[in-house]
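[1] Can you look at this prediction? I've put the sequence above it.
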Amino acid sequence: MNCTSCNDKVCRKQQTSCDRESFDRNEVIAEYQEVSNKEVVEAAAQLVDSGRAGTLSRMEEIVEFAQTMGYKKLGLAYCYGMEQYANAIETLLAGAGFDVSAVSCSVGGLTQSEVNTASCIHKVSCNPLGQAQQLNAEKVDLTLVVGICMGHDIILNRTLNMDFTTLVVKDRKHNHAPLKGITK
């Protein structure tokens, strides 16, 4: 399937399919009715329905979504190089009434050689496994991922046991706005 090369866009018409999907439509509809999915869909809809799409920043959406979902404890998995932003995010979230656990990528102070035996760098390593395990242990409801390196974010996301969303994608070349590298 390659939706970007489709000219018909029949899927944009209500209850119309191109018949190239590899999933059972009725099974997917049933999964949306499961309580955990239904709650998320309804909370997300509150952010965009009734003309609200584009009226909130991503940070405002996160706060409102977390409040609607009844999340109490939020986690920040952040890159040490973005600690000033993590501090600002923590302040905003705490001001909105959330208990925040902010865990730096350097948590545990592991060396590069302990994490990557092929590394010849003799400095502290990023530790996405440790970040995820710490946030899991603290039983946060939702984790915000802030500037975790490519690859490390995959390990972090695989290991987190709670809902998570990415707030900031690291893109040093384009000041953390990766779409700038795609568009001209």
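    Sure thing, it's come through.
[2] residues contacting the closest residue to residue 58 other than its chain neighbours?
    Nearest in space to residue 58, with sequence neighbours left out and distances taken as Cβ to Cβ, 6 or more residues apart in numbering, is residue 167 at 6.4 Å. Backbone N, C-alpha and C define where each C-beta goes, glycine included. By Cβ atoms under 8 Å, 6 or more residues apart in numbering, the contact list for residue 167 reads 58-59, 62, 89, 144-146.
[3] check which helix or strand covers the residue positioned nearest the centre of the chain.
    The residue lying closest to the centre of the chain (Cα atoms, centre = their mean) is residue 165, at 1.8 Å. Using DSSP states H and E, residue 165 maps to strand 163-168.
[4] Direction included, what does that strand pair against?
    As defined by DSSP bridges, the strand partners of strand 163-168 come to strand 142-146 (parallel).
[5] Using PDB, write out every CA atom in the partner strand.
    The C-alpha coordinates for strand 142-146 follow below in PDB (Å, rounded to 0.1, in the frame of the first residue of the first chain):
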ATOM      1  CA  LEU A 142       2.000   9.300  30.800                       C
ATOM      2  CA  THR A 143       5.600  10.000  29.700                       C
ATOM      3  CA  LEU A 144       6.700  12.900  27.500                       C
ATOM      4  CA  VAL A 145       9.700  12.200  25.400                       C
ATOM      5  CA  VAL A 146      11.900  15.200  25.000                       C
END
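[6] So which residues make contact with it?
    Strand 142-146 has contacts (Cβ under 8 Å, 6+ apart) with 62, 66, 69, 71, 74-79, 82, 85-86, 89, 135, 153, 156-157, 160, 162-168.
[7] Check what pLDDT residue 184 gets.
    Here, the pLDDT recorded for residue 184 equals 66.
[8] quick one, strands of the protein?
    For the chain, the strands defined by DSSP state E cover 73-78, 99-104, 142-146, 163-168.
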